[in-house]
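> Kindly generate the corresponding structure for this input.
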Amino acid sequence: MTAQTAIRPAAANPYQLRPLEAVRAIRVLLQDPEDTAQVFTIVRALSGKTLLRGYNRFCATATGRAVLAEGRSLIAVLQDRDYLRSLPPGSLGRAYLTFMEAENISADGLVAASMEDAEGDLDPSEGLNLYACRLRDMHDLWHVTTGYGRDTMGEVCLLGFTFGQTRNPGLGFIALVGAGKIAREADRRIFKALWAGFQAGRRAAWLPAADWERLLARPLEQVREELRIAPPRLYPELRLAA
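Below is the predicted model of the structure:
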């Protein structure tokens with residue numbers, strides 16, 4: 001579901017906040033939670049300079065400099081299912097492949113959603129866009145490493161985690177609105193689970209600068225330890241009760 005997009009906003013000022021656009025999109029998203037394109041619309045409308053700040057931080061890391069210098073494409077690796085299947089059992093890459101096959105999704109899905117209803121040409125050669133694409137493409141890796149599923153509660157909790165990592169106001173807005181809907185219709189404990197996700201995101205290593213290409217071959221539990229990610233406690237209980 002959610003992640004940053006690499007498409008430039010249509011506004012003349014790319015950092016201008018567009019709250020009305022976000023409100024319209026969240027209404028559509030609440031009617032159809034599978035309409036992932038609305039997530040990217042909200043993120044674009046409320047990001048401000050969040051993406052730019054993240055990019056500057058990324059550039060200051062060794063992994064970030066290597067990714068930019070090499071022009072790496074994370075999605076190209078994630079699309080290579082033969083490679084993922086060749087990785088050791090118990091590795092992050094194999095767990096990711098199992099997750100994607102079980103959910104019947106592909107790494108291309110978020111790319112298509114991020115392009116829908118967006119203006120401007122994507123230039124992957126530009127550093128900021130390369131960073132934004134990478135951030136978008138690692139979303140499902142975050143599902144696997146955090147233990148949050150693709151059910152509605154899991155997506156909301158992962159949004160909380162991602163907000164803790166990126167401090168993107170658009171993601172925080174979607175998480176709070178989504179949690180409110182779940183609280184009204186199912187379980188008010190979702191707010192506690194969302195807060196736990198946010199706190200986990202703050203405690204974890206900064207995942208946008210993780211060397212995911214290297215981590216794919218590592219045992220999943222070792223990756224979680226390296227990235228300081230502990231499996232969620234309340235979320236599995238809520239999911240079973242739903």
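> Of all the helix elements in the chain, which one is longest?
helix 169-185 (DSSP state H).
> Packing partners of that one?
Counting contacts by 3 or more CB pairs under 8 Å, 6 or more residues apart in numbering; DSSP states H and E, helix 169-185 packs against helix 19-31, helix 37-46, helix 152-166, helix 190-203. All C-beta atoms are positioned from the backbone trio N, CA, C, and that covers glycine.
> Would you point out the helix or strand in the chain whose mean pLDDT is lowest?
When the helices and strands of the chain are scored by mean pLDDT, DSSP states H and E, helix 108-115 comes last with a mean of 74.
> State the next helix or strand along the chain beyond that one.
Elements were assigned by DSSP states H and E; along the chain past helix 108-115, the next helix or strand is helix 127-137.
> How far off centre is the longest helix of the chain?
Put simply, helix 169-185 sits 16 Å off its chain's centre (CA atoms, centre = their mean, to the nearest Å).
> Mind listing what's buried along it?
169-179, 181-182 (16 or more other CB atoms under 10 Å).
> With stretch 142-158 instead?
142-149, 152-158.
> Show me the contact partners of it.
Residues from elsewhere that reach stretch 142-158 (CB atoms under 8 Å, 6 or more residues apart in numbering): 1-2, 33, 92, 95-96, 99, 103, 105, 161-162, 175, 178-179, 182, 186-187, 190, 193-194, 196-197, 200, 207, 220, 223-224, 227, 229, 231-232, 235-236, 238-239, 242.
> Touching, Leu78 and Asp137? I think so.
Yes: checked against CB atoms under 8 Å, the pair Leu78 and Asp137 is within contact range at 6.4 Å.
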